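> coords please:
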Amino acid sequence: MNININRNAAFQSFEGFGASGAWWAQLVGGWDNTDSVSGMSVRDRISQLLYSREHGIGLRTYRYNIGAGSMDSGAGNYSDELRRTESFDCNGKYDFSKDANAVYMMKQAVRDGADEIILFVNSPLERLTKNHKAHLDKGNAFHTNLAEENYRAFAEYCLDVTEHFVREGLPVRYLSPINEPLWKWTGGQEGCHYSPKQAGKLMKCFAKELEKRGSLSSVKLSGVENGDIRWFNKSYTREFLKYPVTRRNIDSVDLHSYFLPVPLPFFNNRPAFLRRFRKYMDKHCPDLPVKMSEWTHMKRGRDRSMNSALETARVIWEDLTILSVTSWQHWIAVSHYDYCDGLLYINPKDRSFETTKRYYATGNFSKYIPRGARRVGVSSADRDLKLLAFVQDDTSVLIIINESEKDKRVSIPDCPNGGITLAVTNEKYNLCEFALQNGNDIRISAESVNTIVY
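Numbering: from 1, shown residues only. Down below sits the predicted model:
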């Protein structure tokens, strides 16, 4: 079966992959015990596995959570102490020695290869919220916890933190002031609800304050990171894009592309909702890229298997081909939960970690697609195969996802002889590389994610 690449059909230029340091870095950043396999400290080995292209999967974006201070105050109701955060704010004065473990992991990620940091916020500082907590009290669902008169103080604090990290030489590229504004946040984690109009006004305030900071000329705003691909993405996008000052200070629309399933098939048709939003963007903002800033499985139970790896690969394929995203970021990179949400799992009792198949499957994309590569057309008569193709200069990258239970045989007519690498993740192999002599009759194993570079 031939796979044909059409370089004349050019789509988005792709920037890369990333993940969040929320809810684990403040723990793992203190793990200086030795990893028995690598001889490195466990915290450094975890960072290397995530952010090194040579020794890991080469993620380039690190998302750092600017906390609201619930760890400092002890206020609020949280399902897990790691969902509390320290704040650099101490009654209006700054202490940048705070949140040391999480800051360590951010800096180590940069040392290992991350070249883009996104600072994101779940809740404003507790001293600025209406109830002086990082979430609303129950009974106030769908009310915002931030009064408009505190917008500027919130923006100034976040920009002060941004300036601090930029001065330290960290590659901070984006500041995201709002996270999943649609939801009611009455406990469990830090969070703040905003209506579309409130989100638009807050982003406008941040944009105005950002323009006053010459030292942050290389930093853009990102947002508004709505938390469900089905609901209100158009409303939030419309409101925050209507202000010229905001448009000047963003270079994309960022959203989260997951949702909680409901018992109605229509509302679970993920590709259909991706198409609707892509159609909206093409009509109203054709020059503005879309980025996927958070995704996870939304399933209980630790899953290390090819099942979650194939689902991750399929979602990446959908987001890149249907939504045409220019960046794709996993939710938490490391998980200590009984949940299907981390690329790596950790065990706090003995300070150990383990990889998952979805870690390696993510590497089939993140390790081999060069930054700035252009997605191009690719096709095959075999509808079981999901295909992606990228080109940059004289390098071509072809990704083949085979979710079927049967092996496939494919040929790539424009492949040269020699200099071909096949990287395979399946039940047997973990991102293992094989040298191919030519592009004829390549075996694509059942239930696998494959990357061919030539």
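> Please name the nearest non-neighbouring residue to residue 442.
Take residue 442 and drop its neighbours on the chain: the residue closest to it by CB to CB, 6 or more residues apart in numbering is residue 410, 5.3 Å away. All C-beta atoms are positioned from the backbone trio N, CA, C, and that covers glycine.
> now the one you found, what's its secondary structure?
Three-state call for residue 410 (DSSP: H, G, I helix; E, B strand; the rest coil): strand.
> Let me see the confidence value for it.
pLDDT, residue 410: 97.
> Also the one 5 residues further on?
In the prediction, the pLDDT value recorded for residue 415 is 91.
> excluding its backbone neighbours, what's nearest it?
residue 439 (2.5 Å).
> again with residue 126
residue 69 (4.7 Å).
> Off-centre distance for stretch 206-220?
Taking the mean of its C-alpha atoms, stretch 206-220 sits 23 Å from the chain's own mean (CA atoms, centre = their mean, to the nearest Å).
> So what sits opposite residue 250 in the bridge?
residue 221 (DSSP bridges).
> Same question for the longest strand belonging to the chain: list its buried residues.
What stands out as the longest strand in the chain, according to DSSP state E, is strand 3-14. When burial is assessed from 16 or more other CB atoms under 10 Å, strand 3-14 yields the following buried residues: 3, 5, 12, 14.
> what sits against the third one?
It stands for residue 12. Listed by CB atoms under 8 Å, 6 or more residues apart in numbering, the contact set of residue 12 reads 289, 320, 324, 325, 326, 374, 375.
> what ranges do the helices span in this structure?
Assigned by DSSP state H, the helices in the chain fall at 25-28, 42-51, 70-73, 100-112, 151-167, 196-210, 233-241, 244-248, 270-284, 306-321, 357-366.
> quick one: contacts of the first one?
The list of residues contacting helix 25-28 from outside it, by CB under 8 Å, 6+ apart, reads 42-43, 46, 64, 82, 85-86, 99, 101-102, 104-106, 334, 336, 346, 348.
> Select only the buried ones of these in ChimeraX?
Only the buried entries of the contacts of helix 25-28 go into this ChimeraX selection, using 16+ other CB under 10 Å:
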select :42,43,46,64,82,85,86,99,101,102,104,105,106,334,336,346
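> quick revisit: buried members of the contacts of residue 12 into PyMOL, please.
Per 16+ other CB under 10 Å, the buried members of those correspond to this PyMOL selection:
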select buried, resi 289+320+324+325+326+375
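> Name the nearest of the contacts of residue 12 relative to residue 131.
residue 325 (35.9 Å; CB to CB).
> Please spell out the segments of the stretch 301-450 of the chain that come in under the pLDDT threshold.
Nowhere does the stretch 301-450 of the chain drop to pLDDT under 70.
> re earlier: just the closest of the contacts of residue 12 to residue 359, please.
Of all the contacts of residue 12, residue 320 has the smallest distance to residue 359: 18.8 Å, by CB to CB.
> contacting residues for that closest one?
12, 14, 328, 375, 388.
> Residue 256 bridge partners, please.
Under the criterion used (DSSP bridges), residue 256 bridges to residue 294.
> check contacts around it.
180, 225, 226, 227, 228, 229, 292, 293, 294, 295 are the contacts of residue 256 under CB under 8 Å, 6+ apart.
> what about the closest residue to residue 248 other than its chain neighbours, how many residues close to it?
Nearest residue to residue 248, sequence neighbours excluded (CB to CB, 6+ apart): residue 207, at 7.0 Å. When neighbours are defined as other CB atoms under 10 Å, residue 207 has 21 of them.
> same deal with residue 92?
When neighbours are counted by other CB under 10 Å, residue 92 comes out with 9.
> That's all I had, so thanks and see you.
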